[in-house]
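Enquirer: coordinates only, sequence not included:
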């Protein structure tokens, strides 16, 4: 969905609204205008029908009042006749604004008195019947249309001694004229209001999207070399605060990733340069003069050791690269972790005895995971522990259920420990805590990175706890069977390499 720049002039904003392209500004303006038009139309209809209903109520009230007056005049025995004639023949006939007709009929259906000209315009037959009712306010009514529109009413009067029928007709043609004028004025006002709503809607949308334009300009200033310029979420409206906060968090992650990548590149160049320089130096020394077969054999053996280091380093990098693939799957099977820990311990038994370090295995758990990968992770951790545990120290391999359906494998040593500032980076590729040691003794610095990749493949985690002078503990957490199967058994990527289980 495109975002229209908020600094466009109003004609361009209008074109964006009418354009079929999807635009936030266009959608907001269209919705605002549509809602405003619907509201105006609904209000106009309410006012129009309210006026029509009000006119009809007033007409019925006038008819009812005339019937009441006629009933009152008929009830007056003394002066009723003169007053009745004055009301019917003179007052009704002379009324020009509200034209109405009055008629009195006796029990035999003969006209007693009526407004002049009423018989020609409104014969007796067009009126509704006058039915007796317990409620004197009730009377029959209907509308009649000839050359003009009339509201007709008929009601009984006079009592039982001299029953009469009253007929009242009100000319309501003027109501249609009033409504026609009102419709015309209302249409003009409605059209003007719609045009004003369009202009106001475009202006409101244009002003409302200014923060989006501002945040767009702010993000355009951010480059790979300027990731330290956050958007500062506090300066944006509430609707954009969450976006700015997440964007700043992303910038921090990117900056950290770039720093790690730069450091990894430097460490990789340093790690590859040393064995290559060793190979080159050894070859140059051998070429300075003719050597004996034994000397050449010794030189080739030394070169093979460096090549073996390079090969293991490349294998480790390839493994991590394949493990980072989100589509990578693992070959799961159910096995007893204690048996695998014993197998890895047996492999390193001679090295542990040589260094004077005691290794023991504890606990156990049934794990559904990739057997070879788990063995490789345990092997890497044990190799690291042996590397940094002095003579007389102890290493413990332990496995247990974590109580939440998952399992843990812990490798604990009593070695040198790692200072707190280095702990966040120990799982980085090529990271070395002690860079003063001999490279061959330190290794390539990929062992813990491979362990972390293995745990990511199993949707688990690798955690480390350490204290200088007291030792280190690495905890591998495997999720429960329902969660760890997210990695799936549908495919198998070649994450295994044939050969020894020794860590890199």
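Expert: Arrived safely, thanks for sending. Note that the structure is predicted; figures quoted are calculated from it, not measured.
Enquirer: Is residue 243 in a helix, a strand, or coil?
Expert: helix (DSSP: H, G, I helix; E, B strand; the rest coil).
Enquirer: ok, it to residue 45 distance?
Expert: 41 Å (CB to CB, to the nearest Å). In this view, the C-beta of every residue, glycine as well, is placed from N, C-alpha and C.
Enquirer: Residue 387 now?
Expert: In terms of CB to CB, residue 387 sits 86 Å off from residue 45.
Enquirer: Can you pick out the residue with more neighbours from these two?
Expert: Set residue 387 next to residue 45 and count neighbours by other CB atoms under 10 Å: residue 387 wins out with 18 against 12.
Enquirer: Quick one: mean pLDDT for the helix or strand hosting residue 27?
Expert: According to DSSP states H and E, residue 27 maps onto helix 24-75. For helix 24-75, mean pLDDT is 87.
Enquirer: Tell me the helices and strands packed up against it.
Expert: helix 10-18, helix 80-85, strand 100-106, strand 149-157, strand 164-171, helix 173-208 (3 or more CB pairs under 8 Å, 6 or more residues apart in numbering; DSSP states H and E).
Enquirer: Pipe the ones you listed into JSON lines and attach distance to residue 431 per row.
Expert: Output for these, formatted as JSON lines (distance: least, CB to CB, whole Å):
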{"stretch": "helix 10-18", "distance to residue 431": "52"}
{"stretch": "helix 80-85", "distance to residue 431": "116"}
{"stretch": "strand 100-106", "distance to residue 431": "104"}
{"stretch": "strand 149-157", "distance to residue 431": "96"}
{"stretch": "strand 164-171", "distance to residue 431": "100"}
{"stretch": "helix 173-208", "distance to residue 431": "49"}
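Enquirer: Which one, of these, ends up nearest to residue 52?
Expert: helix 173-208 (5.9 Å; CB to CB).
Enquirer: how much does the closest one deviate in direction from strand 149-157?
Expert: Helix 173-208 and strand 149-157 are oriented at 120 degrees to each other (axes from the mean of the first three to the mean of the last three CA atoms, to 10 degrees).
Enquirer: How many residues are close by residue 141?
Expert: 18.
Enquirer: where exactly do the strands run in the chain?
Expert: Per DSSP state E, the chain carries strands over the ranges 100-106, 111-114, 140-145, 149-157, 164-171, 332-336, 358-363, 366-370, 394-401, 407-413, 461-467, 471-478.
Enquirer: Partner strands of the first one, with direction?
Expert: Yep, that's strand 100-106 we're talking about. strand 111-114 (antiparallel), strand 164-171 (antiparallel) (DSSP bridges).
Enquirer: in it, what's buried?
Expert: 100, 101, 102, 103, 104, 105 (16 or more other CB atoms under 10 Å).
Enquirer: do the second one as well
Expert: Buried residues in strand 111-114, defined by neighbour count with 16+ other CB under 10 Å: residue 114.
Enquirer: Rounded mean pLDDT for it, please.
Expert: Summarised as a single mean, pLDDT over strand 111-114 is 88.
Enquirer: Work out the gap between it and the centre of the chain.
Expert: 80 Å (CA atoms, centre = their mean, to the nearest Å).
Enquirer: ok, now the last one?
Expert: For strand 471-478, the separation from the chain centroid amounts to 37 Å (computed by CA atoms, centre = their mean).
Enquirer: Okay, now the sheet partners of it, with direction.
Expert: For strand 471-478, pairing defined by DSSP bridges yields strand 407-413 (antiparallel), strand 461-467 (antiparallel).
Enquirer: out of the helices and strands packed on helix 24-75, nearest to residue 476?
Expert: Ranking the helices and strands packed on helix 24-75 by proximity to residue 476 (CB to CB) places helix 173-208 first, at 51.7 Å.
Enquirer: per-residue pLDDT, residue 399?
Expert: Residue 399 carries a pLDDT value of 92.
Enquirer: from memory it sits against residue 342, does it?
Expert: No. Using CB atoms under 8 Å, residue 399 makes no contact with residue 342, being 10.8 Å away.
Enquirer: Show me which of the two is the more surrounded one.
Expert: More crowded of residue 399 and residue 342, by other CB under 10 Å: residue 399, with 23 against 14.
Enquirer: Among the buried residues of strand 100-106, which one sits closest to residue 239?
Expert: Among those, and counting by CB to CB, the member closest to residue 239 is residue 100, at 63.1 Å.
Enquirer: How about the closest one, nearest residue that isn't a chain neighbour?
Expert: Leaving aside its chain neighbours, residue 100 sits nearest to residue 170 (4.5 Å; criterion: CB to CB, 6 or more residues apart in numbering).
Enquirer: Kindly report the same for residue 231.
Expert: Spatially, and ignoring its direct neighbours in sequence, residue 231 is nearest to residue 244 (4.3 Å; CB to CB, 6+ apart).
Enquirer: Around the one you found, how many other residues sit close by?
Expert: Neighbours around residue 244, by other CB under 10 Å: 21.
Enquirer: in terms of contact, does it touch residue 236 like I think?
Expert: Yes. Assessed by CB under 8 Å, residue 244 is found in contact with residue 236 at 5.0 Å.
Enquirer: I'd like the distance between residue 28 and residue 389.
Expert: Separation of residue 28 from residue 389 (CB to CB): 66 Å.
Enquirer: likewise residue 469?
Expert: 12 Å.
Enquirer: Common neighbours of those two, please.
Expert: residue 416 (CB atoms under 8 Å, 6 or more residues apart in numbering).
Enquirer: So for the two, which sits in the more crowded spot?
Expert: residue 389 (23 against 8).
Enquirer: which residues does the nearest residue to that one once chain neighbours are set aside contact?
Expert: Spatial nearest neighbour of residue 389, chain neighbours left out: residue 415 (3.7 Å); criterion: CB to CB, 6+ apart. Counting by CB under 8 Å, 6+ apart, residue 415 touches 385, 388, 389, 390, 393, 471, 472.
Enquirer: Can you tell me, leaving aside adjacent residues, what's nearest to the last one?
Expert: Pointing back at residue 472 there. Ranked by CB to CB, 6+ apart and with sequence neighbours excluded, the top spatial neighbour of residue 472 is residue 466, at 4.0 Å.
Enquirer: Tell me the spacing between that neighbour and residue 378.
Expert: Residue 466 is 18 Å from residue 378, by CB to CB.
Enquirer: what about the two, which has more around it?
Expert: Taking residue 466 and residue 378 together and counting by other CB under 10 Å, residue 378 has the greater number of neighbours (27 against 20).
Enquirer: Tell me the confidence at that one?
Expert: On pLDDT, residue 378 comes in at 92.
Enquirer: correct me, but it touches residue 410?
Expert: No. When contacts are counted by CB under 8 Å, residue 378 is not listed as touching residue 410 (10.5 Å).
Enquirer: who touches both of those two?
Expert: Common neighbours of residue 378 and residue 410, counting by CB under 8 Å, 6+ apart, are residue 397.
Enquirer: what's near enough to touch the residue lying closest to residue 291 once chain neighbours are set aside?
Expert: Leaving out its chain neighbours, the residue that sits closest to residue 291 by CB to CB, 6+ apart is residue 299, at 7.4 Å. Residues in contact with residue 299 (CB under 8 Å, 6+ apart) are 282, 283, 285, 286, 291.
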